[in-house]
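>>> from the sequence below, what's the structure:
(one chain, ligands or ions: 2)
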Amino acid sequence: MTLAIELRHVSHAFDGGAVPVLDDVSAGVEPGQFVSLVGPSGCGKSTLMRILAGLLEPDAGTATVHGRSSVNRPGLVAYMPQKDLLFPWRRALANATLGAEIAGVPKDEAWARARALFPRFGLSGFERAWPAQLSGGMRQRLALLRTFLIPHDTVLLDEPFGALDAITRREMHRWLQEVWSDDRRTVLFVTHDVEEALILSDVVYVMTRRPGRIQARVDVPFDRPRGIELVADEKFVQLKARLLAELDEGMKG
Ligand SMILES: Nc1ncnc2c1ncn2[C@@H]1O[C@H](COP(=O)(O)OP(=O)(O)OP(=O)(O)O)[C@@H](O)[C@H]1O
Ligand SMILES: [Mg+2]
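Ligands and ions are numbered 1, 2, ... in the order given. Take a look at the predicted model:
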């Protein structure tokens, strides 16, 4: 089977080799899987995402999307960068359609599809709002809507809920699971939050501190949909402890 996303022996350093950031990273995501990447700040998670999105050429190794090299080839994936990058001068609907339009979806079609998705993303009635009029959670949902509107079955989400409070995050977890189960796209998801990774993912990769290596790959066996009660489940608690231990181990360098 061809993996939807595959990284093989990826290494990278910035500033002419002075700042090694990634060290021989290999990882794979099967079609339709939800996979998370967890690691300490600065370990190279966003750098990996940018390599997969075709925006940064690694010093060594390969990155492929459905078997095609994504190196220097943007446009094979739908990518949501760590900052939401909403344009303050575009209304919500016009922000939502931007990625799809860039990907070549005709404007009328992009607008019609975005409009249809607004209720699904909890943004009904806010089509004409400016980004500044939206709450933090709404802005993130709008940025996610924009990403899911891009016609690719492989989606990269870089800490989409990083800036949200715990209550809003929980809501977003329930909601993202619903949206994801609608069409089961392949998702690679970056987070600092071990619990978030366990609730959402089929597989979790734990990275070491910089230069980032893969410390562990952990399968997450729980049935879906996964509700909040899961966090009290004994197996969940054990798996969380294991991931935290792997993170600690990876901090030793
Ligand atoms: N364009 C760049 N030029 C130089 N150094 C960079 C560049 N981009 C990232 N770095 C450095 O590479 C390292 C990894 O950065 P990266 O953004 O990939 O980390 P991260 O794991 O996403 O961190 P966080 O969890 O805080 O988002 C950091 O030390 C950062 O300062
Ligand atoms: Mg980052």
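
>>> in the stretch 151-253 of the chain, what spans have low per-residue confidence?
Applying pLDDT under 70 to the stretch 151-253 of the chain flags residues 253.

>>> residue ranges of the strands in it, please?
Ranges of strands in the stretch 151-253 of the chain, per DSSP state E, counting those that start in this stretch, are 154-158, 186-191, 203-207, 214-219.

>>> before we move on, which element is the spatially closest residue to residue 14 that is not a sequence neighbour in?
Of all residues not flanking residue 14 in the chain, residue 21 sits nearest, at 6.0 Å (Cβ to Cβ, 6 or more residues apart in numbering). (Each C-beta comes from the backbone N, C-alpha and C, glycine too.) Residue 21 belongs to strand 19-29 when assigned by DSSP states H and E.

>>> near ligand 2, which residues of the stretch 51-200 of the chain? Just list them.
residue 82 (Cβ under 5 Å from the ion).

>>> OK, now which residue of the stretch 51-200 of the chain is nearest to ligand 2?
residue 82 (4.8 Å; Cβ to the ion).

>>> which residues touch the residue lying closest to that residue once chain neighbours are set aside?
In space, residue 82 comes closest to residue 158 once its chain neighbours are excluded; the distance is 4.3 Å by Cβ to Cβ, 6+ apart. Listed by Cβ atoms under 8 Å, 6 or more residues apart in numbering, the contact set of residue 158 reads 45, 46, 49, 79, 80, 81, 82, 190.

>>> can you give me the neighbour number for the last one?
In this case it means residue 190. Here the count is done by other Cβ atoms under 10 Å, and residue 190 has 22 residues near it.

>>> and if you look at the fourth one?
The burial metric for residue 79, expressed as a neighbour count using other Cβ under 10 Å, is 23.

>>> for the fifth one, same thing?
By the other Cβ under 10 Å criterion, the neighbourhood of residue 80 contains 26 residues.

>>> contact partners for the nearest residue to it once chain neighbours are set aside?
Once flanking residues are discounted, residue 80 sits nearest to residue 147: 4.2 Å by Cβ to Cβ, 6+ apart. Residues near residue 147 by Cβ under 8 Å, 6+ apart: 78, 79, 80, 99, 155, 157.

>>> for residue 121, state which of those residues is nearest.
residue 80 (13.0 Å; Cβ to Cβ).

>>> and the contacts of residue 158, which is the shakiest by pLDDT?
Taken together, the contacts of residue 158 show their lowest pLDDT at residue 82, with 90.

>>> which strand or helix spans that one?
Short version, using DSSP H and E: residue 82 is in no helix or strand.

>>> quick one, what contacts it?
By Cβ under 8 Å, 6+ apart, the neighbours of residue 82 are 46, 158, 159, 162, 190.

>>> repeat that for residue 211.
Residues counted as contacts of residue 211 (Cβ under 8 Å, 6+ apart) are 11, 13, 20, 21, 22, 23, 43, 44.

>>> what about ligand 1: which of those touch it?
By Cβ under 6 Å from any ligand atom, the members of the contacts of residue 211 lying near ligand 1 are 21, 43, 44.

>>> what's the burial count for residue 27?
20.

>>> please renumber so the chain begins at 3
Got it, the first residue is 3 from now on, which makes the last one we talked about residue 29.

>>> now it, nearest residue through space, not along the chain?
Counting by Cβ to Cβ, 6+ apart, the residue nearest residue 29 is residue 9, at 4.9 Å.

>>> likewise for residue 245?
residue 196 (4.6 Å).
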